[in-house]
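Enquirer: Pasting the sequence and the predicted model now:
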Amino acid sequence: MPETLLVPDASVLLKWVLRSDEEDDRDRALALKAAWLAGSCQILVPTLWAFEVGNVLGLKHPAKADQLLDAMIDLRMPEEPPAAYTAAIFRLMRDHHVTCYDAAYHALAVVRGGTMLTADRRYARKAEGAGHLQLLDAWRPPSMPNASRLDEG
């Protein structure tokens, strides 16, 4: 099993299903998806991911939100409930003045020794001192043996 554990937040996960010019670094988000599906890295998400992603899809793309969210759910991303990282969530909230939702992804990465990937620059500025955090535009995919086409999304 690959050693690299990544925790993509909703800002990254949404790029897997939103196909528009407004989505910066979508190619990197799709490279993450391809790397995970190829077994080149591990991903883990907090159980709240579907509600956060679903909220954005329902507000911005109501006509196809159910189909887009179902496609994401069908990927069966490994999820972890918050019991193991609630203390870390509240520590991040207190120390960096961030929301519980954002802190959940980050705390999961901290507790599991991984890296939270985010496209949310505002969050990254607030929480940069906590470690275990990388902006999507700075992330480089691991080498993938069969990565001839990344945009198969």
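Expert: Right, received. Where do you want to start?
Enquirer: helix or strand for E23, which one?
Expert: For E23, there is no helix or strand it lies in under DSSP states H and E.
Enquirer: List the buried residues in the helix or strand hosting A35.
Expert: Assigned by DSSP H and E, A35 falls within helix 26-37. For helix 26-37, the buried set under the neighbour-count rule, 16 or more other Cβ atoms under 10 Å, comprises R26, R28, A29, L30, A31, L32, K33, A34, A35, W36. For glycine as for every other residue, the C-beta is placed from the backbone atoms N, C-alpha and C.
Enquirer: List just the nearest of the residues you listed to V110.
Expert: L32 (19.1 Å; Cβ to Cβ).
Enquirer: Any chance of the backbone angles for the closest residue in space to the closest one that isn't next to it in sequence?
Expert: Nearest-residue entry for L32: P8, 6.2 Å, with adjacent residues in sequence omitted and distances by Cβ to Cβ, 6 or more residues apart in numbering. Phi and psi for P8, reported as degrees, to the nearest 10, are phi -80, psi 140.
Enquirer: got a list of what P8 touches?
Expert: A29, L32, I43, V45, Y105, M116, L117, T118 (Cβ atoms under 8 Å, 6 or more residues apart in numbering).
Enquirer: List the residues that contact the last one.
Expert: Think T118. So T118 contacts P8, D9, S11, V12, Y105, A124, L133, Q134, L135, L136 (Cβ under 8 Å, 6+ apart).
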